[in-house]
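In: here is a sequence together with a model predicted from it:
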There are 2 protein chains.
Amino acid sequence: MHAGLRYTKLDLGMIVSEKPASCAAVYTTSHFLAAPLVVTQESIEKEKILQAIVVNSACANACTGEQGYQDALKMRSLAAAKMGIPEHHVAVASTGVIGEFMQMEKIESGIGKLAIGKAAEDAKDFQTAILTTDTVMKSCCYSAEIDGITVSMGGLAKGSGMIHPNMATMLAFLTTDANISSEHLTAALKDVTNTTFNQITVDGDTSTNDMVLVLANGSAENQPLNPDHPDWAVFVELLKESCASLAKQIARDGEGATKLIEISVAGAMSDEEARMIGKQIAGSNLVKTAVYGADANWGRIIGAIGQSQAKVNPKTVDISLGEITMLKGSTPVTFDENQAREYLMNDKVEIFVDLHVGKGKGMAWGCDLSYDYVKINASYRT
Amino acid sequence: MHAGLRYTKLDLGMIVSEKPASCAAVYTTSHFLAAPLVVTQESIEKEKILQAIVVNSACANACTGEQGYQDALKMRSLAAAKMGIPEHHVAVASTGVIGEFMQMEKIESGIGKLAIGKAAEDAKDFQTAILTTDTVMKSCCYSAEIDGITVSMGGLAKGSGMIHPNMATMLAFLTTDANISSEHLTAALKDVTNTTFNQITVDGDTSTNDMVLVLANGSAENQPLNPDHPDWAVFVELLKESCASLAKQIARDGEGATKLIEISVAGAMSDEEARMIGKQIAGSNLVKTAVYGADANWGRIIGAIGQSQAKVNPKTVDISLGEITMLKGSTPVTFDENQAREYLMNDKVEIFVDLHVGKGKGMAWGCDLSYDYVKINASYRT
């Protein structure tokens, strides 16, 4: 709905489960955890059960001190009263400008008027309400067979600027009818987050408000999932597919982005080091501008790899852009500049790196850096 | 001189001392140390004496394997022959595109024709020859009294893109007539580099070719400098002033930059943590674009501090832009938006942060991120 926090765009919404659900959450690593995240942590801590998530855009309610915390509590209690559920069954999320106070009258009147619906249109309205500088909605829907039962998972997300490492003005909400305890769901989410959401970068900045929340309400009535369940891997894959899909949609919609950049790193000492190098490349302004300009300047990829903390043998690195090999054993390979330029015109650009020092593999996603990134960010508040 | 590596700009030059000099060097931390740096290290290792530095722009001679190494050796021997000095008294530096081979006929013919002069015009020609995307020359000249004798120090540098942490397509050469051993000069340089060159950032990328070189030929005939010399601190300050001046000139001339951003951090757990946070702020694309757009969005400064590894108390942070306080004890302070916007229009913007968790202090320098940064880097090679 439009609560009036923004001029005309929808700016307030709720996700509600038909019944109390198991839950798992991953939060930003910023020192300045925004008030809604603190309140959400308190909710989950109490019983590890959630039934609703209330979200607003326009104001992040971050760096707002005690008043911000009270506002987030109030937002939670308004949502709980609206749905007739305990306060600690409600999670709160906010995204927008840092350091401004919530307009609580608008929030209060907005939550009061919120109409909860089941139609596809309602889901779209919710997605729209949480967007900020995003240009498209991000959502996914997958299913898998567990105990011979079809289990579904739906997800949606927002985020385009301040997207880096460990969550950053990124909100992602996933819901599933799988039957799984909060404990096992949390373990699965942490694992999956490391190879998906934590591997995207738009501008290297980490926000105060990022959060991934998963609700699992058990309606599918499968046997409780845990690592010993024969279909555990199926469930983890379902979660991973969902998170990876949302993560890539976020990277592709980076502020001002015209292209998705996908980096695959092989031959690292460990999967972790492979991911680290992938993200270093995805985060390099020089790589990002070169891709924007369709300039096959692999020297910038070498520059990014070179500054990594990971183990690298400066004599054994291979680099390819799509199917075009540019560097083999750290030695330049002659390639067709026109073919490379044409490849870089695609809206998805794949960079392959093989370090040849170990067996670690990993991926990362980012986007190019365009004039529009500067335009959007030189006047975000105004 | 113009050796023909570039269309019309000067592209080759040498610095020569009248006599063999003590020396100190600091190199990039990239895994992919470019060939000229390897050769320079070999020169210095042998006797810790240098008398000449030969430098070219246009081609970085990086990621060029064995041939690149042979080319750098050849460049060194050509310069040594030209000056009639031992090969290991020559340092070699290159800057430009990574992964292309040196055009050695042009280098050979160029070095042959180089005319070594003492005029101010000659120094300007040298400075011009080492620039790439730089828009202005960077130089400094300071002097100090040591043993009652006037000791001079001259410096010049290049660098505007790929400028980050630990050296990055940044070349800086300093010469002094001070009498000091290579051992003590090296210790002083390492110390000074940590608070000057290593505290500037333009785009967060580290190059394969960065190097700071200091030559001290002892012509001033002061008593040999060492930490016990009564004027040791005077000399270190002379070196620091010179390095800080060059570092700030580099930051101000960052690719596409319109403003110098100076960050002062106080109240950190240690000087190192203060510097770390300063650099995190200077390196944030979101801070850089906000400064470009004269948008007093201190939330982005909080975002940058928040993701630092340094110790931060989320409740005690003060932030000021120039003399305008924006955040006090992590709580927003009402300020005059117009005054802040006007302040951000200056070509030097100062950001002050006090963490109030310790006594550590540090500074960092960077520049804003403009449309021109994207323009320059989307088509650097073409």
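Out: Good, I have the coordinates. Residues are numbered from 1 along each chain as shown, chains lettered A, B, ... in the order given.
In: all contacts plus neighbour counts: C-alpha atoms, from now on.
Out: Will do.
In: quickly note the distance from residue A:330 to chain B.
Out: 6 Å (CA to the nearest CA, to the nearest Å).
In: same check on residue A:158?
Out: According to CA to the nearest CA, residue A:158 and chain B sit 18 Å apart.
In: how many residues are close by that residue?
Out: Residue A:158: 30 surrounding residues under other CA atoms under 10 Å in any protein chain shown.
In: my read is that it contacts residue A:139, right?
Out: No: Residue A:158 is beyond contact range of residue A:139, at 9.1 Å (criterion: CA atoms under 8 Å).
In: output the below-cut-off pLDDT ranges for chain A.
Out: Per-residue confidence of chain A (counting by pLDDT under 70) places the weak regions at A:160-168, A:203-207, A:379-382.
In: longest helix anywhere in it?
Out: helix A:232-252 (DSSP state H).
In: and the helix or strand following that one with helix A:232-252, angle?
Out: Following helix A:232-252 in sequence order, the next helix or strand is strand A:260-268 (DSSP states H and E). Angle of strand A:260-268 versus helix A:232-252, following axes from the mean of the first three to the mean of the last three CA atoms, to 10 degrees, is 130 degrees.
In: please see if strand A:260-268 touches chain B.
Out: No: against chain B, strand A:260-268 shows no contacts by CA under 8 Å from any CA of the partner chain, the least distance being 14.1 Å.
In: show me what that strand is packed against.
Out: On a contact count with 3 or more CA pairs under 8 Å, 6 or more residues apart in numbering or on different chains; DSSP states H and E, strand A:260-268 meets helix A:232-252, helix A:271-282, strand A:348-354, strand A:360-367.
In: list the buried residues for the longest helix of chain A?
Out: Neighbour counts over helix A:232-252 (16 or more other CA atoms under 10 Å in any protein chain shown) mark A:232-233, A:235-236, A:238-252 as buried.
In: in TSV, list the helices and strands packed on strand A:260-268 along with distance to residue B:186.
Out: Converted to TSV, the helices and strands packed on strand A:260-268 look like this (distance: least, CA to CA, whole Å):
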stretch	distance to residue B:186
helix A:232-252	44
helix A:271-282	31
strand A:348-354	37
strand A:360-367	38
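In: wait, residue A:108 sits on residue A:77?
Out: No: contact criterion CA under 8 Å: residue A:108 and residue A:77 do not qualify, at 10.0 Å.
In: higher neighbour count, the two?
Out: Neighbours were tallied for residue A:108 and for residue A:77 using other CA under 10 Å; the higher tally belongs to residue A:77 (19 against 15).
In: that one and residue A:10: what is the separation?
Out: According to CA to CA, to the nearest Å, residue A:77 stands 21 Å off from residue A:10.
In: which residues does stretch A:310-327 contact?
Out: For stretch A:310-327, contacts defined as CA atoms under 8 Å, 6 or more residues apart in numbering or on different chains pick out A:268-269, A:273-274, A:276-277, A:298, A:306, A:328-335, A:340, A:343, A:349-357, B:31-32, B:65.
In: which among those residues end up buried?
Out: For those, buried by 16+ other CA under 10 Å: A:268-269, A:273-274, A:276-277, A:298, A:306, A:328-333, A:340, A:343, A:349-357, B:31-32, B:65.
In: what about the helices in chain A?
Out: Applying DSSP H to chain A gives helices spanning A:35-47, A:65-83, A:104-113, A:120-129, A:182-195, A:232-252, A:271-282, A:285-292, A:299-306, A:337-343, A:371-378.
In: need the residues of the stretch 201-350 of chain A near chain B, please.
Out: Going by CA under 8 Å from any CA, the residues of the stretch 201-350 of chain A near chain B are A:203-208, A:284-286, A:289-295, A:297, A:299-300, A:302-308, A:312-315, A:330-332.
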